[in-house]
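[1] the sequence and its predicted three-dimensional model are supplied below.
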Amino acid sequence: MNKSYDIIVVGTGVAGCFAALNLPPDKSVLIITKASLLDSDSYLAQGGICVLKDEEDYSLFFEDTMRAGHYQNNRESVETMIRSSQTVIADLMAYGVRFSCQNGELSYTREGAHQANRILHYEDITGQEITGTLLRHVIEKENIAIREHTTMIDLLCRENTCEGMILKTSTGEYEPVFAKNIILASGGIGGIYKHTTNFSHITGDSIGIALKHHIQLQNINLIQIHPTTLYSPKPGRRFLISESVRGEGALLYNKAKERFVNELLARDVLTNKIYKQMKKDKMPYVWLSMKDITKCDIRKRFPNIYRHCLMAGYDALNEYIPVVPAQHYFMGGIRVDLNSKTSMKHLYAVGETCCNGVHGANRLASNSLLESLVFAKRAARTIADNQQASEGRKIESLSSKKLEDVYGIDWNTYDHIDSYFSSLMENIRGEIEKKSRKELHNEWNYNHFKCG
Ligand SMILES: Cc1cc2nc3c(=O)[nH]c(=O)nc-3n(C[C@H](O)[C@H](O)[C@H](O)COP(=O)(O)OP(=O)(O)OC[C@H]3O[C@@H](n4cnc5c(N)ncnc54)[C@H](O)[C@@H]3O)c2cc1C
């Protein structure tokens, strides 16, 4: 007998967890992650989460988001995100999420391209605080089953309707599971790049699978490079030196230890300036000085970054730190509407894997945790509101052979699972390359893949 649920959520980052928590408690939910529960990019977020501090900041917040996105943002999505921000922060606090305070008041910080202090944070481990707290609640929920080291390898769909998926289980078997609704929350595409701040297992699986099933994508060539990650000659994930470090006064220097740029420029603009300087200096990095921070004690404000740099051999209190840009965020993704619905029936996408147009051509710092939470909640609410339509759906229990006939799948495709995933990634690369070339986007997008 095949397993079936009301809702399956793919991913245990903030988007997946918040969606699961906002689903009706009488619905059976399965949440899966291809790694362990804590291995999500959400957990790595350092800088913080934006919030509409007060009504006076609305226009500036809107303008900052639009300007960073080169005005290619969907205005309605931006408005929805900003208008929902206070409720989402209140939800988080009700779950027990802590934010740093000063003199008993919430402490708002600022990052590049923000004209006001509107970012809440918990020290420099905001993602860990939010994701860890949400996960604790997910674990407690009786209606939510969790499966770690379980990978979605394909969707089961027919007539543009999603009915389930095929999992590779933690013991290596292939298992079909069915659901009345499915929420994809599988994060970005960093894992397909040589230099990325993302976990290497976050390889855009939903995007590759969407391409295979002709589910609509949007802005697939819009990729954000973070200007400052700790340089290392070794391969692997790059450690991010948060933008708030520059927000608090850290400065950038060239080889000759001279300043060469305004450190608070938007990410894409700053990245290009750093690349130009690296080229000019014939160096694989530029220098960042946290010694220039006078507003706060960096050991207290950025304990995680300070510790990490020390471990890598740099004392940020006394030394310059080598930094280099790296792939950081995917603005594009599976095209969704304001309620996170994809072009396929009963299929939703939330968080970094989707594109609702909030970020336009470039994400404003600390907007992605907020966007993930706001639109994950909207997906869950939409599913709850449309329960009746889903109730009538009959999920059949089918034999493996019948699954092939009904869903047009070929089990042999999954025999060599590594080649299968390589081909999904190859297709993503191909699409990014094609669109980047056509629209003359930054060559970095496709010249820095792991291979190809
Ligand atoms: C180093 C770093 C710092 C950041 N700092 C900030 C910040 O300060 N503020 C901010 O707003 N944003 C920040 N971001 C961006 C933000 O963290 C992410 O955009 C956001 O957390 C994405 O959340 P998500 O839930 O969509 O995906 P993720 O948190 O990436 O979670 C993806 C989940 O999907 C699972 N998964 C993937 N593929 C499959 C599959 N095939 N089958 C099953 N499971 C799968 C993964 O295992 C994981 O559980 C940062 C990102 C990084 C990398």
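    That came in fine, so what should we check first?
[2] tell me which residues touch the closest residue to the ligand within the stretch 301-450 of the chain, please.
    Nearest to the ligand in the stretch 301-450 of the chain, going by C-beta to the nearest ligand atom, is Gly351, at a distance of 2.2 Å. The C-beta positions use only the backbone N, C-alpha and C, and glycine is treated the same way. By C-beta atoms under 8 Å, 6 or more residues apart in numbering, the contact set of Gly351 is 11, 13-16, 185-187, 372, 375-376.
[3] and the stretch 51-200 of the chain, which residues reach the ligand?
    Contact residues (C-beta under 6 Å from any ligand atom) of the stretch 51-200 of the chain with the ligand: 126-127, 151-152, 185-187, 197-198.
[4] from the chain's centroid, how far away is the helix or strand containing Met425?
    Met425 is part of helix 417-438 when elements are defined by DSSP states H and E. How far helix 417-438 lies from its chain's middle: 19 Å, per C-alpha atoms, centre = their mean, to the nearest Å.
[5] output the contacting helices and strands for that helix.
    Counting contacts by 3 or more C-beta pairs under 8 Å, 6 or more residues apart in numbering; DSSP states H and E, helix 417-438 packs against strand 151-158, helix 205-212, helix 444-447.
[6] can you list the ones you listed in CSV and add distance to Arg267?
    Below are those laid out as CSV (distance: least, C-beta to C-beta, whole Å):
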stretch, distance to Arg267
strand 151-158, 30
helix 205-212, 21
helix 444-447, 12
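[7] returning to that earlier point: could I have the helix holding Met425 exported to CSV, CA atoms only?
    The C-alpha coordinates for helix 417-438 follow below in CSV (Å, rounded to 0.1, in the frame of the first residue of the first chain):
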residue,chain,number,x,y,z
ILE,A,417,20.9,8.3,-9.5
ASP,A,418,24.1,10.3,-9.7
SER,A,419,23.9,10.7,-13.4
TYR,A,420,20.2,11.4,-13.1
PHE,A,421,20.9,14.3,-10.7
SER,A,422,23.8,15.5,-12.9
SER,A,423,21.5,15.7,-15.8
LEU,A,424,19.0,17.8,-13.8
MET,A,425,21.8,20.1,-12.9
GLU,A,426,23.1,20.2,-16.4
ASN,A,427,19.6,21.3,-17.5
ILE,A,428,19.6,24.1,-15.0
ARG,A,429,23.0,25.3,-16.1
GLY,A,430,21.9,25.2,-19.7
GLU,A,431,18.8,27.3,-19.0
ILE,A,432,20.8,29.9,-17.0
GLU,A,433,23.5,30.1,-19.7
LYS,A,434,20.9,30.4,-22.5
LYS,A,435,19.0,33.2,-20.7
SER,A,436,22.1,35.0,-19.4
ARG,A,437,23.6,35.1,-22.9
LYS,A,438,20.3,36.3,-24.4
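[8] and the ligand, is it touching that?
    No - figure legend: helix 417-438 not in contact with the ligand (C-beta under 6 Å from any ligand atom); closest approach 8.7 Å.
[9] and that helix, what's buried?
    For helix 417-438, the neighbour count (16 or more other C-beta atoms under 10 Å) marks 421-422, 424-429, 431-433, 435-436 as buried.
[10] helix, strand, or coil at the spatially most central residue of the chain?
    Here the mean C-alpha position of the chain is nearest to the C-alpha of Glu352 (C-alpha atoms, centre = their mean), at a distance of 3.7 Å. Following DSSP: H, G, I helix; E, B strand; the rest coil, Glu352 is assigned to helix.
[11] which non-adjacent residue is nearest the residue of the stretch 201-350 of the chain found nearest the ligand?
    Closest residue of the stretch 201-350 of the chain to the ligand, C-beta to the nearest ligand atom: Asp205 (3.4 Å). Of all residues not flanking Asp205 in the chain, Ser186 sits nearest, at 5.5 Å (C-beta to C-beta, 6 or more residues apart in numbering).
[12] show me the contacts for that neighbour.
    Contact analysis of Ser186 by C-beta under 8 Å, 6+ apart lists 10-11, 16, 34, 152, 202, 204-206, 351, 353.
[13] re the thing from before, relative orientation of the helix holding Met425 and strand 151-158 in degrees?
    70 degrees (axes from the mean of the first three to the mean of the last three C-alpha atoms, to 10 degrees).
[14] flag every residue of the stretch 301-450 of the chain that's near the ligand.
    Taking C-beta under 6 Å from any ligand atom as the contact definition, the stretch 301-450 of the chain meets the ligand at 329, 351-353, 366-369, 372.
[15] dump those residues to a markdown table, plus pLDDT.
    Below are these laid out as a markdown table (pLDDT from 0 to 100):
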| residue | pLDDT |
| --- | --- |
| Tyr329 | 94 |
| Gly351 | 98 |
| Glu352 | 98 |
| Thr353 | 98 |
| Ser366 | 94 |
| Asn367 | 96 |
| Ser368 | 96 |
| Leu369 | 98 |
| Ser372 | 98 |
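[16] for these, which one is nearest Met165?
    Using C-beta to C-beta, Thr353 is the member of those that lies nearest Met165, at 14.1 Å.
[17] show me what the helix or strand where His308 lies is packed up against.
    According to DSSP H and E, His308 maps onto helix 303-311. Judged by 3+ C-beta pairs under 8 Å, 6+ apart, the packing partners of helix 303-311 are helix 298-301.
[18] grab the nearest non-local neighbour of Gly208.
    Spatially, and ignoring its direct neighbours in sequence, Gly208 is nearest to Leu424 (2.9 Å; C-beta to C-beta, 6+ apart).
[19] ok, the one you found touching Lys212?
    Yes - Leu424 is within contact range of Lys212, at 7.2 Å (criterion: C-beta atoms under 8 Å).
[20] where does the stretch 351-452 of the chain dip in pLDDT?
    Low-confidence segments of the stretch 351-452 of the chain (pLDDT under 70): 389-397, 438-452.
[21] surely Tyr253 meets Asp292?
    No - counting by C-beta under 8 Å, Tyr253 stays clear of Asp292, with 9.5 Å between them.
[22] all helices of the stretch 51-200 of the chain, in order?
    Using DSSP state H, counting those that start in this stretch, the helices found in the stretch 51-200 of the chain span residues 58-68, 75-95, 126-140.
[23] Thr196 pairs with what?
    Thr196 has these beta-bridge partners by DSSP bridges: Gln327.
[24] adjust the sequence numbering to begin at 46 for everything that follows.
    OK, 46 is where the count begins now, so the last one is Thr241.
[25] who are the contact partners of it?
    Neighbouring residues of Thr241 by C-beta under 8 Å, 6+ apart: 235, 282-283, 371-373.
[26] pLDDT and neighbour count added to these, as JSON lines?
    Converted to JSON lines, those look like this (pLDDT from 0 to 100; neighbours: other C-beta atoms under 10 Å):
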{"residue": "Gly235", "pLDDT": "95", "neighbour count": "26"}
{"residue": "Arg282", "pLDDT": "88", "neighbour count": "19"}
{"residue": "Arg283", "pLDDT": "91", "neighbour count": "26"}
{"residue": "Ala371", "pLDDT": "92", "neighbour count": "25"}
{"residue": "Gln372", "pLDDT": "91", "neighbour count": "26"}
{"residue": "His373", "pLDDT": "92", "neighbour count": "26"}
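[27] good, we can wrap up now.
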